[in-house]
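# Let me see the structure of the following:
(4 chains)
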Protein chains: 2
Amino acid sequence: MFMARAKPSKELRASILDEARQTLVAEGYRALSMRRIARAVGCTATSIYLHFRDKDDLLHALIHEGLERLHEQLLASVDGIEDPLRRCQRLCRSYLEFALENREYYEVIFSLHPEHMKRYPQALYRRARENLEYFADALAAAAGRAGDRRDEDILHAHVIWAQLHGAVSLHLDERLDFRIDVLAFLDAAVANALCAVPHPDEQE
Amino acid sequence: MFMARAKPSKELRASILDEARQTLVAEGYRALSMRRIARAVGCTATSIYLHFRDKDDLLHALIHEGLERLHEQLLASVDGIEDPLRRCQRLCRSYLEFALENREYYEVIFSLHPEHMKRYPQALYRRARENLEYFADALAAAAGRAGDRRDEDILHAHVIWAQLHGAVSLHLDERLDFRIDVLAFLDAAVANALCAVPHPDEQE
DNA sequence: TTCTCTGACTTAACAGTGTAAACTTAACGC
DNA sequence: GCGTTAAGTTTACACTGTTAAGTCAGAGAA
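You can find the predicted model right below:
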């Protein structure tokens, strides 16, 4: 019979990805199973393997999407802002926002580690690296070395990222003491993350 | 027949726990399955349920152990040290050490989140809370308020924890850029974590 | 038209998971 | 010896990711 479900190939792939994203966002990573996606999209579980090597591959497609969105959001957040310190603050805020507003995405991107990650080299995380370099640029500028990004800036960017990621993770995993006010905590985390970034009037 | 495997009850429970810990440390959380533990310990998978409500319960027993060890290690690390800032530094170092030397433990304790965590209220994480309060005490002392721990100290301790946890997580999950030197990164993370802790000679 | 081939998809199956219910069996008190 | 109880086992269910083999429509060539 003629397929009432999804037209050939490319469209099925897109449907699978759509459905996966949707249930990921709605019900979290744990609810994502091949059979479930297949059921929702109207094909069998094994058909998915015609379009994705395995579950990790599918997951990586979602991760890729998520990283892309995060990247755009970060870029947008500092659009038109000149002051380097303010740029750093905006980037931090924007990162936190992304994590809080897309927590399931965030978990898949930064907390989950796919079983066979080796197979997907850092190529997929190009965007993540670019984000860090972008941040490092702002740090170089804040240090009065605009355009001259050094290794120390990359390192510094990683440290700041670690602070943000740690704060987000503790919050999302509900590991914070119940007495802690989350917003105050995140504010403090950003402040602490940027504590080594010089203010505009105190560049060396 | 007379059991050649493990004597009644309590000893089986202990064996299960031993085996679980061992394969956790040796092969990581993903290798931990009820049937596998059972096989190694010489009973059936369902027997485990006589001693632990479910897999999460077993996991929580391990988490409890791990937290206990971390707690002791932290206490030991500052034994005999007076200077508050140095105490903070030691605590940070000790935390990192624990994470690096017991990475599988660390993951289970702080990164994994058991499916039904709700059922195990923060009681189990008492030690974690105590650790933070302990740290907060050092912070209060560093601020020249020894013995007068305030909410801001607890908050500050959480922020520092977030920095350390973030750094450790990024490293353990191999998310750091390949150009980053891990030890330098961890050093920088500690430095950044403690950037708001006043030096001995500049107490307010 | 018929034949073959190809690509997309399905069916059936494997080996594994956590877990509940029902069954067995050894030990103990009476 | 009897009944009870606790400790373990067997069996089964409903899942999981994944592979190998089978189906079957459509295109191109003879």
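# what about A:Leu132, neighbour count?
Other residues within reach of A:Leu132 by the criterion other CB atoms under 10 Å in any protein chain shown amount to 22. (Each C-beta comes from the backbone N, C-alpha and C, glycine too.)
# And the one 4 residues further on, by the same measure?
A count of nearby residues for A:Ala136, using other CB under 10 Å, gives 21.
# So what does the residue in chain A that chain B sits nearest to have for phi and psi?
Residue nearest to chain B within chain A (CB to the nearest CB): A:Gly166, separated by 2.5 Å. Here the main-chain torsion angles of A:Gly166 (degrees, to the nearest 10) amount to phi -60, psi -50.
# which residues touch the residue nearest to it when sequence neighbours are not counted?
Distances taken as CB to CB, 6 or more residues apart in numbering or on different chains put B:Gly166 closest to A:Gly166, at 2.5 Å, once the chain neighbours are dropped. When the contact criterion is CB atoms under 8 Å, 6 or more residues apart in numbering or on different chains, the partners of B:Gly166 are A:Trp161, A:Ala162, A:Gln163, A:Leu164, A:His165, A:Gly166, A:Ala167, A:Ser169, B:Ala189.
# By neighbour count, which of these wins?
Using other CB under 10 Å as the neighbour definition, these reach their maximum at A:Ala167, which records 31 neighbours.
# my guess is it contacts A:Leu186, does it?
Yes - assessed by CB atoms under 8 Å, A:Ala167 is found in contact with A:Leu186 at 5.9 Å.
# Mutual contacts of the two, please.
A:Leu96.
# measure the residue nearest to A:Gly166 to A:Ser169 for me?
7 Å (CB to CB, to the nearest Å).
# what's the answer for A:Leu85, then?
Here the distance between A:Leu85 and A:Ser169 works out to 25 Å (CB to CB).
# From the contacts of B:Gly166, which land in helices?
Under the assignment DSSP state H, the contacts of B:Gly166 contribute A:Trp161, A:Ala162, A:Gln163, A:Leu164, A:His165, A:Gly166, A:Ala167, A:Ser169, B:Ala189 to helices.
# Among the residues you listed, which pair sits farthest apart?
Of all pairs drawn from these, the one with the longest distance (CB to CB) is A:Ser169 and B:Ala189, at 14.3 Å.
# follow-up on the earlier one: from the ones in helices among the contacts of B:Gly166, pick the one nearest DNA strand C.
Comparing those against DNA strand C with CB to the nearest atom of the strand picks out A:Ser169 as the nearest, at 24.0 Å.
# Test my guess that the closest one contacts B:His165.
Yes - distance between A:Ser169 and B:His165: 6.6 Å, which falls inside the contact criterion (CB under 8 Å).
# May I have the phi/psi pair for A:Arg150?
With angles defined as degrees, to the nearest 10, A:Arg150 sits at phi -120, psi 170.
# Now name the helix or strand holding A:Leu132.
With elements taken from DSSP states H and E, the one containing A:Leu132 is helix A:126-142.
# buried sites along that helix?
Buried residues in helix A:126-142, defined by neighbour count with 16 or more other CB atoms under 10 Å in any protein chain shown: A:127-128, A:131-132, A:134-142.
# between the residues you listed, which is closest to DNA strand C?
Relative to DNA strand C, and with distances defined as CB to the nearest atom of the strand, the nearest of these is A:Arg127, at 28.5 Å.
# what residues are up against that closest one?
With CB under 8 Å, 6+ apart, A:Arg127 has these contacts: A:His64, A:Leu67, A:Glu68, A:Leu70, A:His71.
# same question, A:Ala76
By CB under 8 Å, 6+ apart, the contact set of A:Ala76 is A:Ser94.
# what about it, distance to A:Arg90?
Computed as CB to CB, the A:Ala76 to A:Arg90 distance reads 10 Å.
# now do A:Asp79
Counting by CB to CB, the gap from A:Asp79 to A:Arg90 is 9 Å.
# So between those two, which is more surrounded?
A count of neighbours by other CB under 10 Å puts A:Arg90 above the other of A:Asp79 and A:Arg90, at 18 against 7.
# Give me the pLDDT for the more buried one.
Here the pLDDT value assigned to A:Arg90 is 97.
# Now the helix or strand hosting it: buried residues?
Under the criterion DSSP H and E, the helix or strand holding A:Arg90 is helix A:84-101. By neighbour count, with 16+ other CB under 10 Å as the criterion, the buried positions of helix A:84-101 are A:84-85, A:87-92, A:94-96, A:98-99.
# If I take that helix and helix A:126-142, what angle do their directions form?
Taking axes from the mean of the first three to the mean of the last three CA atoms, to 10 degrees, one finds that helix A:84-101 is oriented at 150 degrees with respect to helix A:126-142.
# tell me what helix A:84-101 is packed against?
If you count contacts as 3 or more CB pairs under 8 Å, 6 or more residues apart in numbering or on different chains; DSSP states H and E, helix A:84-101 packs onto helix A:55-77, helix A:126-142, helix A:151-172, helix A:182-193.
# Go ahead and produce CSV holding the CA coordinates of that helix.
What follows is helix A:84-101 as a C-alpha-only set of coordinates in CSV (Å, rounded to 0.1, in the frame of the first residue of the first chain):
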residue,chain,number,x,y,z
PRO,A,84,34.2,43.9,27.7
LEU,A,85,33.2,43.3,31.2
ARG,A,86,29.6,43.8,30.4
ARG,A,87,30.0,41.4,27.5
CYS,A,88,31.3,38.8,29.8
GLN,A,89,28.4,39.3,32.2
ARG,A,90,25.9,39.0,29.4
LEU,A,91,27.5,35.9,28.1
CYS,A,92,27.3,34.3,31.6
ARG,A,93,23.7,35.3,32.0
SER,A,94,22.8,34.1,28.6
TYR,A,95,24.5,30.7,29.4
LEU,A,96,22.5,30.4,32.6
GLU,A,97,19.3,31.4,30.8
PHE,A,98,19.8,28.8,28.2
ALA,A,99,20.4,26.1,30.8
LEU,A,100,17.4,27.0,32.9
GLU,A,101,15.0,27.4,29.9
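# Could you name the helices and strands sitting against whichever helix or strand comes after it?
Moving toward the C-terminus from helix A:84-101, the next helix or strand (DSSP H and E) is helix A:103-106. Helices and strands in packing contact with helix A:103-106 are listed as helix A:10-27, helix A:55-77, helix A:151-172; criterion 3+ CB pairs under 8 Å, 6+ apart.
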